[in-house]
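Participant: missing the sequence, but the structure's below:
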């Protein structure tokens with residue numbers, strides 16, 4: 001199960017499966033760019049991989065299997081924050 005929360009200050013990604021639970025919170029001020037990749041199968045399943053680059057030059061762990069609408073919500077929040 002994947003859960004994406006986007007608020008005015010950060011993006012929170014929760015990934016939970018039977019073996020582990022992982023939560024990542026990234027402040028919007030520290031996000032330099034967001035890239036997505038999508039395979040042919042992903043296009044048919046409305047699924048893509050999100051890669052977040054931080055302002056410190058680091059890259060956060062890719063999040064696989066997001067819907068395209070989740071990725072767009074994150075990008076919209078970043079764009080709004082920059083205005």
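Facilitator: All right, it came through fine. Just so you know, these numbers come straight off a predicted model, no measurement behind them.
Participant: mind listing the helices for the protein?
Facilitator: Shown for the chain, the helices assigned by DSSP state H span residues 40-45, 68-82.
Participant: looking at those, which is nearest to residue 33?
Facilitator: For these, the distance to residue 33 is smallest for helix 68-82, at 8.6 Å, taking CB to CB. For every residue, glycine as well, the C-beta is placed using N, CA and C.
Participant: which ones are touching residue 26?
Facilitator: 10, 11, 12, 13, 52, 54, 60 (CB atoms under 8 Å, 6 or more residues apart in numbering).
Participant: show me what contacts the first one?
Facilitator: In this case it means residue 10. Residues in contact with residue 10 (CB under 8 Å, 6+ apart) are 25, 26, 27, 28.
Participant: excluding its backbone neighbours, what's nearest the last one?
Facilitator: Taking CB to CB, 6 or more residues apart in numbering, and ignoring the residues beside it in sequence, residue 28 has residue 81 as its nearest neighbour in space, at 4.7 Å.
Participant: so that neighbour touches residue 29, yeah?
Facilitator: Yes: with contact defined as CB atoms under 8 Å, residue 81 reaches residue 29; the gap is 7.3 Å.
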